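# build the 3D model from these lines:
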Amino acid sequence: MCSVRREAVREYLASALWAMPTAAAVLALVVGAGLSSVIVDPASPFAALVFQGTSDDARNLLVSIASTMVTVIALVLGLTVVALQLASTQFSPRLLRNFLRDIPNQLTLSVFVATFAYSTAGLYTVGIASGQRVETYPASRSAARCSSCS
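Next up is the predicted model:
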């Protein structure tokens, strides 16, 4: 009985397109948390591998990577699903199941999702060098300035 359930869960996870990317995103978050706590000594031979820009540069790079990954994931999945839907109506509905079970497809999507999760989570660890965090929005400050002028 237990082996039948285990086999059913394994079969479900093998054909689920969300299982491997979810595991990759969790792994990327764990790796990112671990790497953000590593301090590299400037005299170390690994110092050349450390990002040399400012925190604003790192923030811009991470935002660019995250937005590119979202665009790639949306475009690739959208076009693939449309092509698979057209092909499955003409040939066989098993085509979609075979696509979902294909390990290279799952690995590719996992890499894209993990890259997005890593770069988005990295934004929380990067400080702000030139700007100051403020409690009010610029619109409310200008409105307060205008009300004090009158």
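# just the helices from this structure, written as ranges.
Secondary structure of the chain (DSSP state H): helices at 2-15, 19-36, 55-90, 94-101, 103-122, 138-149.
# export the ones you listed to JSON lines and append columns for mean neighbour count and distance to S44.
Backbone N, C-alpha and C define where each C-beta goes, glycine included. As requested, those are exported to JSON lines (neighbours: other C-beta atoms under 10 Å; distance: least, C-beta to C-beta, whole Å):
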{"stretch": "helix 2-15", "mean neighbour count": "10", "distance to S44": "41"}
{"stretch": "helix 19-36", "mean neighbour count": "15", "distance to S44": "15"}
{"stretch": "helix 55-90", "mean neighbour count": "13", "distance to S44": "20"}
{"stretch": "helix 94-101", "mean neighbour count": "14", "distance to S44": "45"}
{"stretch": "helix 103-122", "mean neighbour count": "18", "distance to S44": "21"}
{"stretch": "helix 138-149", "mean neighbour count": "9", "distance to S44": "42"}
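# any idea which of these scores lowest on pLDDT?
Between the helices of the chain, the lowest average pLDDT goes to helix 138-149, which shows a mean of 45.
# if we can go back for a sec, quick one: closest of the helices of the chain to A47.
Each of these was scored for nearness to A47 using C-beta to C-beta, and the closest is helix 19-36 (15.0 Å).
# not counting its own residues, what contacts the closest one?
Residues from elsewhere that reach helix 19-36 (C-beta atoms under 8 Å, 6 or more residues apart in numbering): 13, 106-107, 109-118, 121-122, 125.
# go on, stretch 40-51?
With contacts defined as C-beta under 8 Å, 6+ apart, stretch 40-51 is touched by 57-58.
# endpoints of that stretch, how far apart?
Using C-alpha to C-alpha, to the nearest Å, the span of stretch 40-51 from its first residue to its last is 11 Å.
# circling back to that earlier point, so can I have CSV of the helices of the chain showing distance to P42?
Output for the helices of the chain, formatted as CSV (distance: least, C-beta to C-beta, whole Å):
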stretch, distance to P42
helix 2-15, 45
helix 19-36, 18
helix 55-90, 17
helix 94-101, 48
helix 103-122, 22
helix 138-149, 38
